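[1] Fold the following.
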Amino acid sequence: MGRPLRLKAPDLTYHITSRTNGRRLFMKKKADQKMLCRCLNKILVKYGVIIHSFTPMMNHFHMLIHIENEADLSKVMCEFKSLYAKVFNKKYKLTGHFWGDRFRSCIVRAPVQGGHPLRFMTATCYDPRRPPVTIHD
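    You can find the predicted model right below:
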């Protein structure tokens, strides 16, 4: 059975998560966080996407990303993850896969302005198989 297709359209906001292969640590030092941010910045400049929130954890990350032009989410994430994997593996003299499965994404339906982005990341991800979640204050 094939993978489900990603919903793609311009002017959408996505909650992205991705985990390392074998759940290994990818933030060994403070410098790794800066290296990750530099890689992310290169992708932002190249594709013109907007990052509302980026939360690196020890073995995965969460990102709230807005694609407002013709940029392809899969290409953006592929290039970002490939770039960081190459830099990280070179720094620590490692080989092989860095990231685990493909990244997970869900469409965020509520506007990001006016509230904490993580609240929207956890409360408003759109899954076409489930009814949409409504935020109550």
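[2] Lowest mean pLDDT among the helices and strands, pick that one out for the chain.
    strand 125-126 (a mean of 46; mean pLDDT, DSSP states H and E).
[3] quick one: secondary structure of K81?
    Using DSSP: H, G, I helix; E, B strand; the rest coil, the structure places K81 in helix.
[4] partners of the closest residue to it other than its chain neighbours in the sheet?
    Spatially, and ignoring its direct neighbours in sequence, K81 is nearest to W99 (5.3 Å; C-beta to C-beta, 6 or more residues apart in numbering). Glycine gets a C-beta too; all of them are placed from N, C-alpha and C. Beta-bridge partners recorded for W99 (DSSP bridges): T20.
[5] got it, and I67?
    Residues in beta-bridge contact with I67 (DSSP bridges): L12.
[6] burial of it, as a residue count?
    Applying other C-beta atoms under 10 Å, we find 20 residues neighbouring I67.
[7] isn't it right up against L12?
    Yes: the pair I67 / L12 is scored as a contact, 5.8 Å apart, by C-beta atoms under 8 Å.
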